[in-house]
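Student: the sequence isn't on hand, but the structure is:
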């Protein structure tokens, strides 16, 4: 592999505690579009909002609005939808479709996916139950470039930060961003780390994800491996190579 992730591995498993992540967010210009793809409960965007208020010393008690544009995307309606300036219900992929199978893991919604959960994942235990497929729903998928184009038109914002928690569909999401991908400064994504123990059938793999983003002018700068994940999994932040840190 072109990059050695251990050389950029954080001392903190939780990247929110890493000072480099604070520095990354401090580089975002006002009116940046921050996308939380795979938002579910809105916790990630809430953490980002808190960090940004701390970095820039905004007076949140007096309700001074953040100059950033928060966007949530998920097939399931987020219970904390008010955390976003815009919420799009659906899954991002490389095609715009109205009816696509979406696999539901009832006892852990964080494993819901456009990709079928692997046998290894379904055999793993969460809160006393196996992470088995409990149903298949039909949902719509959207390309990111369609979403971003509309956001830019409505807000005059610029793509700044893209977070992907899309359960095996990372490659399709990146492809679906089209030419807008190059405008993002940073991309953060969760990814499985073991080819022999994939989370999802035909899901994205680590090396192909890194190669694809390298080809699109992004390089990994911060990495964390999850110790509590049922299968080998981690989180990587990539920066656009034109950005200096």
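Tutor: Sure thing, it's come through. Note that the structure is predicted; figures quoted are calculated from it, not measured. Residues are numbered from 1 along each chain as shown.
Student: excluding chain neighbours, give the residue nearest to the most centrally placed residue in the chain in space.
Tutor: In the chain, the residue lying closest to the centroid (Cα atoms, centre = their mean) is residue 164, at 1.5 Å. Spatially, and ignoring its direct neighbours in sequence, residue 164 is nearest to residue 189 (4.0 Å; Cβ to Cβ, 6 or more residues apart in numbering). Any C-beta I mention is one placed from the backbone N, CA and C, and that applies to glycine too.
Student: what strand or helix carries the one you found?
Tutor: Using DSSP states H and E, residue 189 sits within strand 186-192.
Student: give me the residues contacting stretch 228-241.
Tutor: Residues from elsewhere that reach stretch 228-241 (Cβ atoms under 8 Å, 6 or more residues apart in numbering): 5, 15, 21, 24, 120-121, 124-126, 131, 182, 184-194, 197-199, 210, 213, 217-226, 245.
Student: restricted to strands, list those.
Tutor: By the criterion of DSSP state E, membership of the contacts of stretch 228-241 in strands covers 125-126, 186-192, 218-225.
Student: how about the strands in the chain?
Tutor: All strands of the chain, identified by DSSP E, fall at 32-37, 69-74, 86-89, 91-93, 97-104, 125-126, 129-130, 135-143, 158-164, 186-192, 218-225, 233-240.
Student: for the fifth one, packing partners?
Tutor: What it means is strand 97-104. Using 3 or more Cβ pairs under 8 Å, 6 or more residues apart in numbering; DSSP states H and E as the contact test, the elements touching strand 97-104 are strand 91-93, strand 135-143.
Student: now the angle from that strand to strand 135-143?
Tutor: Interaxial angle, strand 97-104 versus strand 135-143 (axes from the mean of the first three to the mean of the last three Cα atoms, to 10 degrees): 130 degrees.
Student: buried set for strand 97-104?
Tutor: For strand 97-104, burial by neighbour count (16 or more other Cβ atoms under 10 Å) applies to 100, 102-104.
Student: give the bridge partners for the residue nearest to the centre of the chain, please.
Tutor: According to DSSP bridges, the residues that bridge with residue 164 are residue 37, residue 189.
Student: residue 184 is in contact with residue 158, correct?
Tutor: No. Checked against Cβ atoms under 8 Å, the pair residue 158 and residue 184 is beyond contact range at 9.1 Å.
Student: and the pLDDT for the nearest residue to residue 217 once chain neighbours are set aside?
Tutor: Nearest residue to residue 217 in three dimensions, chain neighbours excluded: residue 241, at 4.8 Å (Cβ to Cβ, 6+ apart). In this prediction, residue 241 carries a pLDDT score of 97.
Student: redo the strands of the chain as CSV? Include distance to residue 149.
Tutor: What follows is the strands of the chain, written out as CSV (distance: least, Cβ to Cβ, whole Å):
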stretch, distance to residue 149
strand 32-37, 11
strand 69-74, 13
strand 86-89, 13
strand 91-93, 13
strand 97-104, 18
strand 125-126, 38
strand 129-130, 41
strand 135-143, 9
strand 158-164, 11
strand 186-192, 18
strand 218-225, 21
strand 233-240, 19
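Student: ok, which of the ones you listed comes nearest residue 151?
Tutor: Among these, the nearest to residue 151 by Cβ to Cβ is strand 32-37 (5.7 Å).
Student: helices or strands up against that closest one?
Tutor: Identification of packing neighbours for strand 32-37 by 3+ Cβ pairs under 8 Å, 6+ apart yields helix 43-56, strand 69-74, helix 144-155, strand 158-164.
Student: distance from the chain centre to it, please.
Tutor: Mean C-alpha position of strand 32-37 versus that of the full chain (Cα atoms, centre = their mean, to the nearest Å) differs by 9 Å.
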